[in-house]
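Colleague: Test case, fold it:
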Amino acid sequence: MSWSTDNRFAYNLFVEKHKVILIILIVCFVVLSMKLFYMQIIRGNYYRNISEHQRINTAHERAFRGLIYDTNEKVLVNNVTNYVALFYPFEQQYEPTEESIEKLSKILQKDIKSSIEKSWRYGRVIKLADNLTIDEVFKIQENKLFLPGITVVEEPKRVCHDSVENAHIIGYVNELRLEELDNMDNTELKVGDIIGRCGIEQSYDKYLRGKDGGYSFEVNARGQHQKTFDYEAPVIGNSLYLTVDTELQKTAYQALKNSSSGKGAAVAIDVKTGAIKAFVSCPSYDLNKVSSAKDYRRYLKNKNLPFFNRCIQALYPPGSTFKIVTFIAALEHLHFDPYTKEDCTGKFELGDRFYACSSRAGHRKLNLISAMAYSCNVYFYILGLDLGVRVIDEYAKMFRLGEKTGIDIYSEKKGFVPTPEWKKSKMKMPWLKGDTVILSIGQGALWVTPLQMANLMATVANKGVSYKPYLVEEIKDSITKKTVYKHKPEENEKIELNSNTWKQLHKALEAAVDYGTAKRTKFKDITVAAKTGTAENPQGEDHAWVVAYAPADDPKLALAVIVENGGFGGSVSVPVAREIFKKYFNITEEYDEELINGNKNDTH
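Modeller: Modelled structure (predicted):
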């Protein structure tokens, strides 16, 4: 094209527009080049990793969780093979026919049509059924030609022995849900992973879980399988060795189950280390059935609360077992003469109110030792008023009531020790002398767990020395048997008391067994020290308590037993403690009425 002078103006306009377009093209080219440079050079590795991640999928093979043993190396929890039916849509030219789906639904006894359609649509593996019986596995294999894409694989399944007695120690496992993932500290976890839900399975999950294996395979942009490569074998988790004696567990559970209410808790602690020897909550649940949605819902609806771990989650007033604290406070703070006598008429008058004793007829003349043995409320009412609420609170907290023991499983409650400030804040009322009176015998707004009371008794038995209670003694690599973790007893701060205080307290606790409310724990060849209690319950029947240790001259085992709504401690909870001591110390003697010498004073 040529331009005449007459068209010079149009020519200049064309050149200017051409320059603008050229500049725009150059800018766009530079911007695109810079973006391409940024994505391929500067951020190349990042996008390459994303691409590889999207290209490579993994068919996970779950690892077996580690085994759990009791203190005698008896297997409590192991794994068995669980058969699972899967549908693989890969390499299938056509969607399964209605006839195939109907045949498989009949074998599995469930409607799988929607699952098959979803798997085919998205090109993903889907689980059709688990816990297949051998008969169902054989039927699937027999009809393999008519069931394209259907395969049966093996997965580990958790099995617990003595599953009811040990349920609250072991805990159960199930799959991690999507909504839980954001709250997990472990970034390696993914939806569908098996994790512990309570008990040891939860608190030691990272040791038990193991490492999953599986096949890696390549997918196309639609997520459909292209080829398979790179298999990694799963690695079993570590093995846990507990402090618990399974046979002692079964004895304690059966004794509680056969008690007047069939509900309660029993905790037994090794005085020298803090190792838990028995940890029973009754009623319980079957760990081998809880994976079933039907059974799980049934347990949840049970009014007796089988999932509720009464050892560490239930809060009770300690009743007369708390007199141990009042006893110590009197000797230490008041420098009280334990042989001072008081007259018990069966009731105590304070202002215009009367407070009853454990004996309606009264105990008559008692000193501190016999008042402890017979569990005389009147004697301790008088001591409580002399001490005052501040001193009682001080000694209660000295024995770590109102705080967690730190046991190595979750959901432990810390209990509660009331104060005047709490009452004023919570109830808008001042603290009264009557509040101190009932606090001195373990009633009112004082709340403890059975574990706390067992720990308190271990501290008393050991003259102020106590250890943090624990359930796991050792963890070993399941393959090499190399020790991964070994527990070392963790000593709490020692409670320093006058030697005479310990002497008089131990004498009083032995007297309770010799001739007082706990005499049903008396044996010929071993001396037991104990304190019973009956905790008032506004919602129903009173709770029956006993705390004890043995042998009295060289304590090895301390325990706490509570029978919910059981009635009197001496007649209901003491027989449970007796069975535990018999089993632990291999005592064969039966209940001897002559040795026990009657039962007229065993009601509190």
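Colleague: tally of neighbours for the residue nearest to Gly213 when sequence neighbours are not counted?
Modeller: For Gly213, the nearest residue in space outside its immediate sequence neighbours is Pro234; the separation is 3.6 Å by CB to CB, 6 or more residues apart in numbering. Glycine gets a C-beta too; all of them are placed from N, C-alpha and C. The criterion is other CB atoms under 10 Å. On that basis, Pro234 has 16 neighbouring residues.
Colleague: Quick check: Tyr515 vs Gly442, distance?
Modeller: Taken as CB to CB, to the nearest Å, the spacing of Tyr515 relative to Gly442 amounts to 22 Å.
Colleague: Now for the residue lying closest to Val235 once chain neighbours are set aside: which residues touch it?
Modeller: Beyond its immediate neighbours in the sequence, the residue positioned closest to Val235 (CB to CB, 6+ apart) is Lys211, lying 4.2 Å away. Lys211 makes contact with 63, 234-235 under the criterion CB atoms under 8 Å, 6 or more residues apart in numbering.
Colleague: swap in Asp270?
Modeller: For Asp270, the contact set (CB under 8 Å, 6+ apart) comprises 243, 276-277, 556-557.
Colleague: Show me these that map onto helices.
Modeller: Secondary structure defined by DSSP state H assigns none of these to helices.
Colleague: can you pull out the helices in the stretch 451-600 of the chain?
Modeller: When assigned using DSSP state H, counting those that start in this stretch, the helices of the stretch 451-600 of the chain occupy the ranges 499-514, 569-584, 593-596.
Colleague: Pretty sure the residue nearest to Gly213 sits against Glu154.
Modeller: No: with contact defined as CB atoms under 8 Å, Pro234 does not reach Glu154; the gap is 11.2 Å.
Colleague: that older thread, most tightly surrounded among the helices of the stretch 451-600 of the chain?
Modeller: helix 569-584 (a mean of 25; mean count of other CB atoms under 10 Å).
Colleague: In terms of secondary structure, what does that helix contact?
Modeller: Of the remaining helices and strands, those touching helix 569-584 by 3 or more CB pairs under 8 Å, 6 or more residues apart in numbering; DSSP states H and E are helix 246-257, strand 264-270, strand 529-535, strand 543-550, strand 557-563.
Colleague: Run through the strands of the stretch 401-550 of the chain in chain order.
Modeller: 472-476, 483-486, 529-535, 543-550 (DSSP state E, counting those that start in this stretch).
Colleague: for the second one, which positions count as buried?
Modeller: What that stands for is strand 483-486. Neighbour counts over strand 483-486 (16 or more other CB atoms under 10 Å) mark no residue as buried.
Colleague: oh, and call the first residue 28 from now on, that's how I've got it
Modeller: In the new count, where the first residue is 28, that last one comes out as strand 510-513.
Colleague: Centre of the chain to it, how far?
Modeller: 21 Å (CA atoms, centre = their mean, to the nearest Å).
Colleague: same thing with stretch 297-316?
Modeller: 10 Å.
Colleague: ok, now stretch 221-229?
Modeller: On the basis of CA atoms, centre = their mean, stretch 221-229 sits 8 Å off its chain's mean C-alpha point.
Colleague: and if you look at stretch 577-590?
Modeller: The chain centre lies 24 Å from the centre of stretch 577-590; the measure is CA atoms, centre = their mean.
Colleague: now swap in stretch 360-367 and tell me
Modeller: In terms of CA atoms, centre = their mean, the centre of stretch 360-367 is found 42 Å from the chain centre.
Colleague: quick one: buried residues of it?
Modeller: Within stretch 360-367, the residues that count as buried by 16+ other CB under 10 Å are 360, 363, 365.
Colleague: Stretch 462-481 too?
Modeller: Neighbour-count burial for stretch 462-481, counted by 16+ other CB under 10 Å, picks out 462-481.
Colleague: hang on, the earlier thing: columns secondary structure, pLDDT and distance to Asn170 on top of the contacts of Lys238, output as CSV?
Modeller: As requested, the contacts of Lys238 are arranged in CSV below (DSSP: H, G, I helix; E, B strand; the rest coil; pLDDT from 0 to 100; distance: CB to CB, whole Å):
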residue, secondary structure, pLDDT, distance to Asn170
Ala90, coil, 89, 31
Pro261, coil, 86, 29
Val262, strand, 91, 35
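Colleague: show me what contacts Phe407?
Modeller: The contact partners of Phe407, taken as CB under 8 Å, 6+ apart, are 350, 353, 398, 467-468.
Colleague: Equivalent analysis for Asn394, please.
Modeller: Asn394 sits in contact with 365-369, where contact means CB under 8 Å, 6+ apart.
Colleague: now Ala388
Modeller: Residues near Ala388 by CB under 8 Å, 6+ apart: Gly373.
Colleague: Packing partners of the top helix by length along the chain?
Modeller: Secondary structure of the chain per DSSP H: the longest helix is helix 35-64. Counting contacts by 3+ CB pairs under 8 Å, 6+ apart, helix 35-64 packs against no other helix or strand.
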